[in-house]
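*Asks:* Below are the sequence and a predicted model for it; my questions follow.
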Amino acid sequence: MKNSAVTGIIFANFNDDLLKKLTTNRSMASVPFGARYRLIDFPLSNLVNAGVTKVGIVTKENYRSLMDHVGSGIYWDLDRKNGGLYLLPPYITGAKRYRGTVDALNGIRDYIKHSKSEYIVLCNADVLANVDISAAVKKHIKNEADITLVYAKGSLAEVPDETMILSLEDNNRVTEIGLDSKEGEVNFSIGITIIGRDLLLKIIDRAYDEELSSLNCDVIARGVKQFKIYGVLHDEYVAFMNGIDSYHTANMDLLKADVRSQVFNKKRPVFTKTRDDMPTRYGIDAKVTNCVIGDGCVINGTVKNCVLFRGVKVEKGAVVENSILMQETCVGKDAVLDYVIADKNACIGEGMTLKGTTENQFIVNKNQIV
């Protein structure tokens, strides 16, 4: 696949409301994940690993943190004279902000038109998966498809809005698309759509004129008979960020070796903004079991089944279990934490006890002192 044949577009803000406690001052795309990453790193790396050299990130609000993280795209080899990384503005005309994907795409119509790429890959930032997009694009071309949807198989009790449930023929031609979760094993879209540039421009114009809102719900799901739609199976790990519980579960899943090997596939590495720091230091009394830990931490207490980001400090006598502690969080002496999610720069005082449950984690806000 030629580098110039595909342009990537990532939606940074859709479904922010599903992680309200973590997206108050940041977009979904910039939510920290897995000890050193942001959610944007996964779709961005998927595109770069496929040889895509032009990527646009559609923003809406709270994107300062995202801008700080992605910068010029240097960590993804996207700081280029031709192509590269583009942050696309949140407005379409005047002070009007977009309502859904149709408005968003109409707002970046010129970017799509002038990309000169034959194919566009649309990605959501709220789905965690390491996907071989190059193989998916090749199947799209081989099938002579109008639209290709990357999907997974599994049981879904609850999915974000606009998640498409697919019915497929033996050759993976899509025959029907539903939008409601069903019991049992289903085929569900994982937020990656491949479509020809010219067709996308025609769809945008028509959908915008008809005041449609959602590309998935109003166009693709209703256009099964009109368009030649195919599915491409992703048979490895995938997680939707459709709530704080699912975010906690996805982080805890990284404690499983088989999940780590799928999410961090050596053939398709996940890139992120790097920061030089000292190695993590463990005190004489430190007890650490089954954890993912970033650089620069200082651990003198007990940590079990946790994800710790860079610069976390756990003082002597503290016990932290089943928790996610983001960058620069401090846990005081003799504190007890269980099923806690602490945002950046949080501080838990000496002797404090904070406990959540598997379904309802205790949240400590960014910069909060408890």
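*Replies:* Perfect, thanks for sending it.
*Asks:* Could you tell me how far the residue nearest to residue 32 when sequence neighbours are not counted is located from residue 243?
*Replies:* Counting by CB to CB, 6 or more residues apart in numbering, residue 32 lies nearest to residue 326, which is 5.2 Å off, once chain neighbours are set aside. The C-beta positions use only the backbone N, C-alpha and C, and glycine is treated the same way. As judged by CB to CB, to the nearest Å, residue 326 and residue 243 stand 18 Å apart.
*Asks:* those strands in the stretch 51-200 of the chain, which residues are they?
*Replies:* 54-58, 84-88, 91-93, 96-97, 119-124, 127-129, 147-155, 165-168, 174-178, 185-196 (DSSP state E, counting those that start in this stretch).
*Asks:* which residues touch residue 241?
*Replies:* Neighbour list for residue 241: 15, 18-19, 28, 31, 39, 126-128, 247, 250 [criterion: CB atoms under 8 Å, 6 or more residues apart in numbering].
*Asks:* try residue 288
*Replies:* 282, 299, 302-304.
*Asks:* If we use 6 Å, what do you get?
*Replies:* residue 303 (CB atoms under 6 Å, 6 or more residues apart in numbering).
*Asks:* Check which helix or strand it maps to.
*Replies:* Applying DSSP states H and E as the criterion places residue 288 in strand 287-289.
*Asks:* How is this protein divided into domains?
*Replies:* For the chain, automatic domain parsing gives the domain ranges 3-263, 281-364.
*Asks:* among the ones you listed, which is nearest residue 270?
*Replies:* Each of the domains of the chain has some distance to residue 270 by CB to CB; the shortest is domain 3-263, at 4.7 Å.
*Asks:* Put the alpha carbons of stretch 108-121 into CSV.
*Replies:* Extracted in CSV, the C-alpha atoms of stretch 108-121 (Å, rounded to 0.1, in the frame of the first residue of the first chain):
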residue,chain,number,x,y,z
ILE,A,108,-13.2,19.2,7.5
ARG,A,109,-14.5,18.7,3.9
ASP,A,110,-11.6,20.8,2.4
TYR,A,111,-9.1,18.7,4.3
ILE,A,112,-10.5,15.5,2.9
LYS,A,113,-10.8,17.0,-0.6
HIS,A,114,-7.2,18.2,-0.7
SER,A,115,-5.8,15.1,0.8
LYS,A,116,-5.7,13.5,-2.7
SER,A,117,-5.7,10.1,-1.1
GLU,A,118,-7.8,7.4,-2.7
TYR,A,119,-9.0,6.0,0.6
ILE,A,120,-10.0,7.5,4.0
VAL,A,121,-9.8,5.5,7.3
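*Asks:* just checking, residue 122 touches residue 9?
*Replies:* Yes. Counting by CB atoms under 6 Å, residue 122 touches residue 9, with 5.2 Å between them.
*Asks:* When the two are compared, which one has more neighbours?
*Replies:* residue 9 (25 against 22; other CB atoms under 10 Å).
*Asks:* So what are the sheet partners of the strand or helix carrying the more buried one and their directions?
*Replies:* If you go by DSSP H and E, residue 9 is part of strand 6-11. Applying DSSP bridges, strand 6-11 is found paired with strand 54-58 (parallel), strand 119-124 (parallel).
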